[in-house]
Structure formats: structure tokens, C-alpha cells
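> Quick one: sequence plus predicted model below, questions after.
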Amino acid sequence: MKEIKLDVKDKKLIGLLEKDARASFSRIAKKIGVSKEVANYRFKKLIASGFLKKFVVIIDAIAIDQKIFRLTVDLYKLKEKLRSEIIHSLKTEKNIHLNLFLQSSRDLEIIILVKEPRDFYNFYNNFIEKYGSFVKRKNISIITKQYYFGHRYLHGENNSSVIGEKNSIINLDDSGRKMISFIIDNPRISIIE
């Protein structure tokens with residue numbers, strides 16, 4: 001594996017992208033003290049080197065009146081084909097984020113965004129009805145805040161962001177939902193595009 005050398009400006013660029021992955025090259029360039037072309041060049045170099053792999057949009061689901069449930073599951077007596085079926089089934093569900101654990105006391109973490117708690121319990125009851133005989137342990141929790149931590153090894157400090165602290169609810173219309181959906185699929189797209 002090739003070692004990647006980062007200078008101070010690369011680290012600043014990465015730090016800015018951590019805080020706002022949608023920042024324009026003009027704004028990034030101004031903050032790190034280079035031209036727009038140099039900022040763009042450094043950005044492309046970080047992607048080509050494999051250091052930057054993808055951008056993920058973080059949505060404050062609580063601010064758009066969504067409840068976030070977390071179901072962790074430990075499976076047992078499971079054949080590989082059935083495990084693949086469960087994972088595929090969960091990945092096709094709307095409003096579900098799935099984490100697979102390789103070395104943990106749990107096998108799956110299922111994050112479910114719902115409008116009403118009954119929607120979670122409908123999902124949960126269907127899941128248990130279908131796969132309950134393979135569930136050794138499970139745990140349900142409700143997420144009220146999410147913490148996202150920066151990369152301390154790059155910046156020497158932990159820049160964290162907290163999601164879920166807003167007291168007011170943002171009402172999204174269909175256009176707003178479409179826009180968010182589009183940005184999730186294309187995180188670096190400009191507002192004009």
C-alpha cells in the first residue's frame with residue numbers, strides 16, 4: 001500500500017470538507033490560502049490517491065420530525081444463504097440504515113427512521129415474525145442525539161458535530177424532500193446544478 005503524504009494545506013482542506021462537504025472550491029481556496037484551481041487540484045489528488053473515498057450527507061432526521069430507532073441483533077444457527085437474505089431484505093427497505101458487525105457482541109445494527117413509533121413496531125414485529133427463531137439477543141433504543149467526531153489523527157483535536165439538538169421542526173414539502181434525496185445521491189453537486 002502506497003503511503004500518502006499530507007501537508008498542512010491538505011489537512012486544512014480535509015478539515016473543511018469534514019465540516020461542509022458541499023463547500024465550493026472558491027470558499028475552500030480562500031480558507032486554505034490557495035487559488036481555486038489549486039484547491040480543485042489538491043481535492044482531485046486526494047481522491048485519486050484513495051485517501052478520500054466518498055462523501056456522505058448527514059441529515060438531522062429529528063429536525064424533519066422523524067423518530068430514530070436502533071435495533072441491534074445477535075443472530076445464531078444461521079446459514080450463509082439466510083444471512084444474505086436478511087441483509088438483502090433490510091437493504092431494500094425504505095428509511096433503514098444497516099451496519100454489519102464482524103467482531104462484536106451483535107451481528108447487525110438496524111437504524112430505522114419513522115414518522116410514528118407504531119411504524120417502527122410494525123417493522124419490528126414483521127422482522128421478529130420472519131427471523132425471530134434466529135435471533136439470540138436483541139436491543140431496542142431510541143436515538144435523540146447523534147455525535148459525529150472528526151479525525152483527531154489529522155487535526156490534533158476532536159472536532160465534533162451534534163445532530164438532533166434543534167427544538168423546532170422543519171416542514172419539508174415534496175420539492176424539499178426531492179432535493180434532499182438528490183443531494184444524498186450527489187453530495188458534491190452545486191446548488192445551481
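Perfect, thanks for sending it.

> what's the nearest residue to residue 139 if we skip its chain neighbours?
Of all residues not flanking residue 139 in the chain, residue 72 sits nearest, at 4.7 Å (CB to CB, 6 or more residues apart in numbering). The C-beta positions use only the backbone N, C-alpha and C, and glycine is treated the same way.

> Contact partners for the residue lying closest to residue 163 once chain neighbours are set aside?
Spatially, and ignoring its direct neighbours in sequence, residue 163 is nearest to residue 146 (4.3 Å; CB to CB, 6+ apart). Applying CB atoms under 8 Å, 6 or more residues apart in numbering to residue 146 gives the contacts 58, 68, 162, 163, 164.

> where does the chain dip in pLDDT?
Low-confidence segments of the chain (pLDDT under 70): 1, 102-105, 158, 166-167.

> Go ahead and confirm residue 28 touches residue 13.
Yes: taking CB atoms under 8 Å as the definition, residue 28 is a contact partner of residue 13 at 6.0 Å.

> So which elements touch the longest helix anywhere in the chain?
Determined from DSSP state H, the single longest helix within the chain is helix 117-131. Contact analysis of helix 117-131 by 3 or more CB pairs under 8 Å, 6 or more residues apart in numbering; DSSP states H and E lists strand 67-75, strand 108-114 as its packing neighbours.

> Would you mark the buried spots in that helix?
119, 120, 123, 124, 127, 131 (16 or more other CB atoms under 10 Å).

> Show residues contacting that helix.
67, 69, 71, 75, 86, 93, 96, 110, 112, 114, 135, 140.

> Show me the helices in the chain, by range?
Using DSSP H, helices in the chain cover 8-19, 25-32, 36-48, 80-92, 117-131, 152-155, 174-185.

> Nearest to residue 2 among those would be which one?
helix 36-48 (11.3 Å; CB to CB).

> I'd say residue 21 and residue 189 touch.
No: the pair residue 21 / residue 189 is not scored as a contact, 10.9 Å apart, by CB under 8 Å.

> neighbour count winner among the two?
Shown here are residue 21 and residue 189; by other CB atoms under 10 Å, residue 21 has more neighbours (15 against 11).

> Excluding chain neighbours, what is closest to the more buried one?
residue 55 (4.4 Å).

> tally of neighbours for that neighbour?
Using other CB under 10 Å, residue 55 has 11 neighbouring residues.

> Show the backbone phi and psi for it.
Torsion angles at residue 55 (phi, psi; degrees, to the nearest 10) stand at phi -120, psi 140.
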